[in-house]
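Chemist: Model the following, please.
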Amino acid sequence: MPSSRSPIRCPVVCAICVAALVGLAAAAAHAQTRPARVVVAGQVYTGAPAAQVTDGRTWGPVAPLAKLWGARLLGPETGPRLELVTSEGRRVVVEAGQSRLRLDDREVALPASPRLGGAHLYAPLAPLFSALGARVREAPEQGLFVAAAVLRDIQFLLSPAGLVVRLIANAPLSGVPRRLADPERVYVDLPGLALEPPPGELYVGASGVWRLRYSQFKPESFTARFVLDLRDRQPARWTPAPDGGCLELGTLTGKELPFTPERPRVKSVELLNQPGESGQAVIRLSGPVEFTWEVSRCPYGITFTLPDAVASPLCRTAAPDALVRGAEVLPAADHGVKVAVSFGWAMRCAVSADAAAQEITVRLKRDTLAGKRLVVDPGHGGRDPGAQARGLNEKDINLAVATELVSRLAAAGAVPFLTRDSDVFVPLAERPRLATALEADAFVSVHCNAMERPNLNHGTEAYYYTPQSCLLATMLQDSLVAGLGRRDNGVRQRRFAVLWRSQQPCALVELMYLDWDAEGDLLRLPEVQHLAAGSLFNALRAYFEGLPLTPEGSWPSNRPPLFMGTEANLPLPNIAPAAAGKDG
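Modeler: Sure thing, here's the model as predicted:
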């Protein structure tokens, strides 16, 4: 019986085995093939036929992906053989069953032969796009393939009212210009662009553009960012091209001519002084330049930074008693030029540039304190006591010093105002708003400092926010250090509410640390409060009328340090007598 059934059972078993093997093979093949996301020159391929990952490689249809790259097909898009020409004029031939592609007059080996998928020719994408000059990133396990164009060159075209920044690459680029304000900028992000040369910046100096900056903003997606720093707001647009694209600015006429920017050169620095009355330094350049400036303390002066300029070392000097004592031109640490203008007098100054941005001037002119509208702000008040330590409230000391300061200013002929003249609460925003409404010439906020725990810090410091306020803060700080003799903690830039909202020169001073025991004891004393008010008055008078500096360019000081036990016996500074009342 068993032997008679064997011929019937064997064919059935064999059929089952064959079916199982076929199923396993199909499953294995399916496991090795899955869809791929392909990005070419920043554009995601969404067409048909689809790209896929097979055996650890990304395969895709050659014709539609080559067109995304900006290539031109020579012949039909389907069939076993494709010939194309790139935007750089390179001729490429890909053929089914051939393990090499032809690139101009040479052959490039492929890891697998191209093959037909229906009527479309498929090829492994990494070697294909590498041969086309792309920067390739392939992640088969993620189903991702990226082919990025490469920046070849940057060129400029110029007309009287417009500028074209031409970005030459080996594929078309797409982007949308966007505007940023304060300072004015236009930027465009270009996905799928690898930077060669590396990130950097180029001076432009034409058509209202300071410079072009560029970087690999998002390296993982080969996104490059190009930024134009502007003198003023201008319309911008992006125009793609087969070999990259153009960032266009302003009004174009179609007659733009090639333009090669040249960095501006410092031609001269001239010092002009009228002894005891005024002084100025004039920096002249061969082209427009953007600049920043900051106040220096020792010696007093202004240091200009011209990041795009070039210059040979230069030094100019005037008489030691001149209001503008000297100027020195030196290379900056990283690039560009620094011009340091030193003063013989401490006083307010005006910095300006001509309409062509080729001449920078710093002016000093002696004035009078009389008639100046000054707002003095006693910090805190009312329900806001400020710092507190050992029975001392900061708000009370601030008000006492500010009240005496206003009296002294009024006696000197100024027109002072207090933001509060009693123990009341005034919102922070209202304080600088008052100064703006009064069209004040300066705003000073008086405070005492404190830390989170007692006796952690001590000394005097001053704060400012805008560059125009730095000199005022510096002079207040130097006068307080000279008058009170406490440790000099420096002048710092901070975005305090009473500083950044002001439209006139403004500063905030911290007389001493209320919670440092020795300084707290000093601040209790009327004599010390008197010294603080006198020091602030001296600084404000010097700010408008001028104060001769030491031969080294420093604030004059002849006071010894103010120590506990001796402060009541120290002579007071030479200040105007207090007025009988105050002007609120």
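Chemist: C-alpha from now on. contacts and neighbour counts both.
Modeler: Will do.
Chemist: pLDDT of the longest strand anywhere in the chain, averaged?
Modeler: Longest strand in the chain by number of residues (criterion: DSSP state E): strand 144-159. Strand 144-159 shows a mean pLDDT of 96.
Chemist: Stretch 188-202 now?
Modeler: Mean predicted confidence for stretch 188-202 is 91.
Chemist: Also stretch 253-267?
Modeler: Here the average pLDDT along stretch 253-267 is 93.
Chemist: buried residues in that stretch?
Modeler: For stretch 253-267, burial by neighbour count (16 or more other C-alpha atoms under 10 Å) applies to 256, 263-266.
Chemist: Next: stretch 115-132.
Modeler: Buried positions in stretch 115-132, judged by neighbour count with 16+ other C-alpha under 10 Å: 115-116, 120-129, 131-132.
Chemist: With adjacent residues omitted, what lies nearest to R213?
Modeler: E201 (4.2 Å; C-alpha to C-alpha, 6 or more residues apart in numbering).
Chemist: which helices and strands sit right next to whichever strand or helix holds the one you found?
Modeler: Element membership of E201, judged by DSSP states H and E, is strand 200-206. With contacts taken as 3 or more C-alpha pairs under 8 Å, 6 or more residues apart in numbering; DSSP states H and E, strand 200-206 sits against strand 209-218.
Chemist: tell me the angle the strand it packs on makes with strand 200-206.
Modeler: Relative orientation of strand 209-218 and strand 200-206, computed by axes from the mean of the first three to the mean of the last three C-alpha atoms, to 10 degrees: 150 degrees.
Chemist: Convert the C-alpha atoms of strand 209-218 to PDB, please.
Modeler: The C-alpha coordinates for strand 209-218 follow below in PDB (Å, rounded to 0.1, in the frame of the first residue of the first chain):
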ATOM      1  CA  VAL A 209      24.500  97.600  -1.200                       C
ATOM      2  CA  TRP A 210      27.300  97.400   1.300                       C
ATOM      3  CA  ARG A 211      28.300  93.800   0.900                       C
ATOM      4  CA  LEU A 212      27.200  90.200   0.000                       C
ATOM      5  CA  ARG A 213      27.500  87.500   2.700                       C
ATOM      6  CA  TYR A 214      27.000  83.800   2.000                       C
ATOM      7  CA  SER A 215      27.200  80.600   4.000                       C
ATOM      8  CA  GLN A 216      26.100  77.000   4.000                       C
ATOM      9  CA  PHE A 217      23.100  77.700   6.200                       C
ATOM     10  CA  LYS A 218      21.800  74.200   6.400                       C
END
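Chemist: what's the distance between it and the middle of its chain?
Modeler: Distance, stretch centre to chain centre, for strand 209-218: 12 Å (C-alpha atoms, centre = their mean, to the nearest Å).
Chemist: Give me the mean pLDDT for the helix or strand just after that strand.
Modeler: Next along the chain after strand 209-218, taking DSSP H and E as the criterion, comes strand 223-230. Averaged over strand 223-230, pLDDT sits at 97.
Chemist: so what's the residue nearest to R213 up against?
Modeler: By C-alpha atoms under 8 Å, 6 or more residues apart in numbering, the contact list for E201 reads 211-214.
Chemist: quick one, helices of the stretch 51-200 of the chain?
Modeler: 62-68, 125-131 (DSSP state H, counting those that start in this stretch).
Chemist: Using JSON lines, lay out these together with distance to R383 and mean pLDDT.
Modeler: Listed next are these as JSON lines, based on distance: least, C-alpha to C-alpha, whole Å; pLDDT from 0 to 100:
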{"stretch": "helix 62-68", "distance to R383": "68", "mean pLDDT": "96"}
{"stretch": "helix 125-131", "distance to R383": "70", "mean pLDDT": "95"}
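Chemist: Mind giving me the packing neighbours of the longest strand of the chain?
Modeler: So strand 144-159, by 3+ C-alpha pairs under 8 Å, 6+ apart, packs with strand 37-40, strand 135-139, strand 162-169, strand 193-194, strand 257-259.
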